[in-house]
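Visitor: no sequence on this one, just coordinates:
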C-alpha cells in the first residue's frame, strides 16, 4: 500500500514540469501565437514578413512564474505524501497491535471481527483520501497551467502591439519542426526579461 501511495504522488511531482511544457506547446501550436521559423517573403503579396522566434525551453526554465509554480506544486505534493504516509503508518501499527492480540489470545472472536471491520474501513478511507489528493493535485496543476498560458498569451499580445511581428514562432527541443533559424530573429531574452519584470512588479 505504501509503495502505491508513494509512486502515485511521486510521479505527479516529477511530471509537473513535463505537464507544464505540454500545455505550453499545446497552446503554442493550437493558437499560433508562439511558433518557430525564420523570416521569408510572402509569395502571394511580395511583401516581407516580419518574423521572430522564442525558445520555449528557455522561457520555461527562466521565467520566474514557472519557478514559483513548480515550487508550490512540489510543496503541496510533498505535504500530501507525508499525510498519506502518516495515516498509512498509523494503520499499520493498528494491524500489528491486532495481530499481536490474536497471537496472545487476548481478544475474543466477536471483538476480533469488530476490529477487522474497523481496520478495513480505515484502509478504504485511506484509499479514498489517496484518490482525493490525486484529483486535487491534478486540478491544481491544470489551474496553474491555465494561468501560465493566459499570462503568455496576454503578454505576447501586448508585446506585439509595438513590435508588430507578423509571426512570433516557437522553438523547442521537444517539439521543433524548424530545420534552420537565424539567431538574429531570436527574441527569447527580451521576452523572458519583460516577463520577469512584469512578474516582479505585479507579484
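Guide: Thanks, I have it. Note that the structure is a prediction, hence the values are computed from the model and not measured.

Visitor: quick one: residue 156 and residue 168 touch, right?
Guide: Yes - with contact taken as C-beta atoms under 8 Å, residue 156 and residue 168 are classed as touching, separated by 6.1 Å. Where you see a C-beta, it was placed from the backbone N, CA and C, and this is true even at glycine.

Visitor: ranges for the helices of the chain?
Guide: Across the chain, reading from the start of the chain, the helices by DSSP state H fall at 2-14, 16-31, 56-62, 64-103, 109-163, 188-202.

Visitor: could you point out which of these sits nearest residue 172?
Guide: Closest to residue 172 of those is helix 56-62 (C-beta to C-beta; 4.6 Å).

Visitor: and the closest one, what's buried?
Guide: Of the residues in helix 56-62, 56-60, 62 count as buried by neighbour count, 16 or more other C-beta atoms under 10 Å.

Visitor: pick the one among those closest to residue 81.
Guide: Using C-beta to C-beta, the shortest approach to residue 81 within the buried residues of helix 56-62 belongs to residue 60, at 24.4 Å.

Visitor: remind me which residues of this protein are low pLDDT?
Guide: Counting by pLDDT under 70, the chain contains low-confidence ranges at 1-47, 179.

Visitor: residue 156 and residue 168: who's more crowded?
Guide: Set residue 156 next to residue 168 and count neighbours by other C-beta atoms under 10 Å: residue 168 wins out with 23 against 20.

Visitor: look up how far residue 186 lies from the more buried one.
Guide: Counting by C-beta to C-beta, to the nearest Å, the gap between residue 168 and residue 186 amounts to 11 Å.

Visitor: who touches both of these two?
Guide: A shared contact of residue 168 and residue 186, defined by C-beta atoms under 8 Å, 6 or more residues apart in numbering, is any residue touching both; here these are 52-54.
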